[in-house]
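Asks: got a sequence here, can you build the structure:
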Amino acid sequence: MLRFCARIGLTFLCGLVSVLGTISLAQDALSPRLQIGINLLPAIVAANQSLAATDNSRNLPIYLVYAEDRYQAEQIKPRINQVGKIRGRALEVMSISLDELLAAEPLPLSVVFIAEPLDRQLPDLVRFAQQQRLLLFSPFAGDVERGVAAGFQVTDKVLPQVNMASLKQSKIQLKAFFLRIAVKHE
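Replies: Numbers count the residues shown, from 1 in each chain. Below is the predicted model of the structure:
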């Protein structure tokens, strides 16, 4: 009987280790830039002054935009959902292809998180975000310089990065304290 219980315990332990290892691998699959972006997103969204002036009862749409890699967007989704609320508003996180987003009419003040590098399609998304008053955020290096409203810069520390012209074009005003610490691209 003791051997039988030990064998069951060992089988259970081996199964648990393999499950935990799989979960750990799944969590580590995101690049460091994506992980930093996910962690920084709530602060950037909360700095949007227009968000404070709107109805808290409406959910805050966050679109995870991808061109080809829906799986990557789906991996990001539960991590952003863990945030729960930003400025008292529940999050409504959705994975959506770039083509679907460009054909949609998202509510103003929605947030667009770029889930994969968009290269040639980025200028179309920047124009769309500005016209629709969407806060466009990218964790990818060089995107802010290419017109994305917000991202971050990594040097000896991580700093938020904003494109002032894109914010102005989108009619998005960020709080002064946030702009003081952010790296500004004119």
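
Asks: going by C-alpha atoms from here, please, whenever you check contacts or count neighbours.
Replies: Noted.

Asks: so how far is the strand ranked longest in the chain from its chain's centroid?
Replies: Ranked by residue count, the top strand of the chain under DSSP state E comes out as strand 89-97. Remark: strand 89-97 is offset 10 Å from the chain centroid, using Cα atoms, centre = their mean, to the nearest Å.

Asks: report the beta-bridge partner residues of I86.
Replies: Per DSSP bridges, residues listed as beta-bridge partners of I86: R89.

Asks: give me the number of residues near it?
Replies: 17 (other Cα atoms under 10 Å).

Asks: contacting residues around the residue nearest to R133 when sequence neighbours are not counted?
Replies: The shortest distance from R133 to any non-neighbouring residue, by Cα to Cα, 6 or more residues apart in numbering, is to S170 (4.7 Å). Counting by Cα atoms under 8 Å, 6 or more residues apart in numbering, S170 makes contact with A129, Q130, Q131, Q132, R133, L134, L135.

Asks: if we go to 7 Å?
Replies: Shown in contact with S170 (Cα atoms under 7 Å, 6 or more residues apart in numbering): A129, Q130, Q131, R133, L134.

Asks: can you map out the strands along the chain?
Replies: Counting by DSSP E, the chain has strands at residues 60-66, 85-86, 89-97, 111-114, 135-137, 150-154, 158-163, 183-185.

Asks: ranking the ones you listed by burial, who's on top?
Replies: Highest mean neighbour count among the strands of the chain (mean count of other Cα atoms under 10 Å): strand 135-137, with a mean of 26.

Asks: thinking again about what came up before, any idea how far the residue nearest to R133 is from L118?
Replies: 20 Å (Cα to Cα, to the nearest Å).

Asks: just A182 next, same as before
Replies: Remark: distance between A182 and L118 (Cα to Cα) = 24 Å.

Asks: what do you get for A103?
Replies: Taking Cα to Cα as the measure, A103 falls 17 Å from L118.

Asks: the two: which is more packed in?
Replies: L118 (19 against 9).

Asks: ok, what's across the strand from the closest residue to I96 other than its chain neighbours?
Replies: Closest residue to I96 apart from its sequence neighbours, by Cα to Cα, 6+ apart: V65 at 5.2 Å. In this entry, V65 is beta-bridged to I96, I114, by DSSP bridges.

Asks: wait, what's in contact with the residue most central in space within the chain?
Replies: For the chain, F113 is the residue whose C-alpha lies nearest the centre (Cα atoms, centre = their mean; 4.2 Å). Listed by Cα under 7 Å, 6+ apart, the contact set of F113 reads Y63, L64, V65, L136, F137, S138.
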